[in-house]
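S.K.: Need a 3D model of the sequence below.
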Amino acid sequence: MKQLIRLTTLFCACAALALTAVAGPESVSSGKEMKQVAPAPLPECNWTGFYIGINVGGQFGHSEDTDNPGGNGNTWNHPDRPWGYSESGVVAGGTVGYNHQWNWIVLGIEADGGYMNVDGSGREPGLAPDTFGHTDSDFFTTVRGRVGIAMNTWMFYATGGGIGLNYEQGVTDNDPTPPFTGVLHNGTHQDFQWGYTFGGGIEKMFGCHWSIKAEYLYFAIDRNDFTALDTSDTVYRFDGDTAGHIVRAGLNYKF
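M.R.: Next up, the predicted model:
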C-alpha cells in the first residue's frame, strides 16, 4: 500500500512537471503594456492670422457748399454761409487684414476697397433758388488699425484710420431769366480726396476660419476747393465738405 501511494505521488509530480513544460513560463509584466491612446485635442481657435473678406452695406451723410469770397473780388449770393443737403449710397468691396491675439486683447490692421456712392444734391436757399450743389463718387479705400476684446469666438473692436474717395463736388446755376436762360455757370472739382474714419463693430468666429461681422464707421472727407466761371468770365469760389456714416456687414476667411 505504501508503495502504491509513493507511485501515485511520483506520477502526479511528473504530470505537473510536464504540464508546466508545455505551458511555458508565466509571462512577466514589462511595464510597457499597450494603453488606449487618447485622441489628439483639437487646436484652440483664436484670432491670430491673415484674413480676406467681402463686405456690403450703405452710407448716408451730409454735404455742404460755402460761397467763398475771392476770384476777382466776387462772391455768390451768400458769402461765407454754408448750405447743405443729404447724400446717400451703396457701399461694397473687399477686405484684407491681419490680427494678433495676446490673451484677450486683439491688435490688427485692416484695409479695404471697393465702391461707395456719395450721391446727393440740394438747392441753395434764399436768393438763389435756381442754384444747386451736387456730389458723386465711385471708388473708395480705407486703411485702419483695430483694437479688440476677444471673448472666445466673439470679438468687440474699435477701429480708426484714413479713408480715400474718388469724389466729385460742384455747384450749378441754372438762370431762368432771359437772356441768361440755361446754365449760367457750372463749377465742379473731381479728385481722389483723403479724410479720416473711425468706428467699431462686433465679429463672430465659426470653425476657427470663418467669421461674420457688423460694423459702423463715421467718415469725413477733406475740404474741396473749386471754382465756377459764369458767362461773363467772372470767377466764383466755393468750399465743399462731405461727412457721413457707413453701416455694413462682412464675411471673412482667416488662413
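
S.K.: need the helices for the stretch 1-150 of the chain, in chain order.
M.R.: 2-23 (DSSP state H, counting those that start in this stretch).

S.K.: In it, where is pLDDT below threshold?
M.R.: For the stretch 1-150 of the chain, the stretches with pLDDT under 70 are 1-43, 69-81, 126-129.

S.K.: Just give me the neighbour total for I54.
M.R.: Neighbour count for I54, taken as other Cβ atoms under 10 Å: 15. (C-beta placed from N, C-alpha, C; glycine too.)

S.K.: what is T135 paired to in the beta sheet?
M.R.: In this entry, T135 is beta-bridged to G120, Q169, by DSSP bridges.

S.K.: Test my guess that N117 contacts D136.
M.R.: Yes. Proximity of N117 to D136 meets the contact threshold set by Cβ atoms under 8 Å, at 7.4 Å.

S.K.: now the strands for the stretch 101-250 of the chain?
M.R.: Secondary structure of the stretch 101-250 of the chain by DSSP state E, counting those that start in this stretch: the strands cover 105-116, 119-123, 131-151, 154-175, 182-206, 210-229, 235-254.

S.K.: Let's see the first one as PDB, backbone CA atoms only.
M.R.: When you say that, I think you mean strand 105-116. Extracted in PDB, the C-alpha atoms of strand 105-116 (Å, rounded to 0.1, in the frame of the first residue of the first chain):
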ATOM      1  CA  ILE A 105      -6.500  91.500 -26.500                       C
ATOM      2  CA  VAL A 106      -6.500  91.500 -30.300                       C
ATOM      3  CA  LEU A 107      -4.500  94.100 -32.300                       C
ATOM      4  CA  GLY A 108      -4.700  94.300 -36.100                       C
ATOM      5  CA  ILE A 109      -4.500  96.300 -39.200                       C
ATOM      6  CA  GLU A 110      -7.200  96.200 -42.000                       C
ATOM      7  CA  ALA A 111      -7.500  97.700 -45.500                       C
ATOM      8  CA  ASP A 112     -10.500  97.600 -47.800                       C
ATOM      9  CA  GLY A 113     -11.500  99.000 -51.100                       C
ATOM     10  CA  GLY A 114     -14.400  99.000 -53.500                       C
ATOM     11  CA  TYR A 115     -17.400 101.100 -54.500                       C
ATOM     12  CA  MET A 116     -19.000 103.800 -52.400                       C
END
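
S.K.: Thanks a lot, see you next time.
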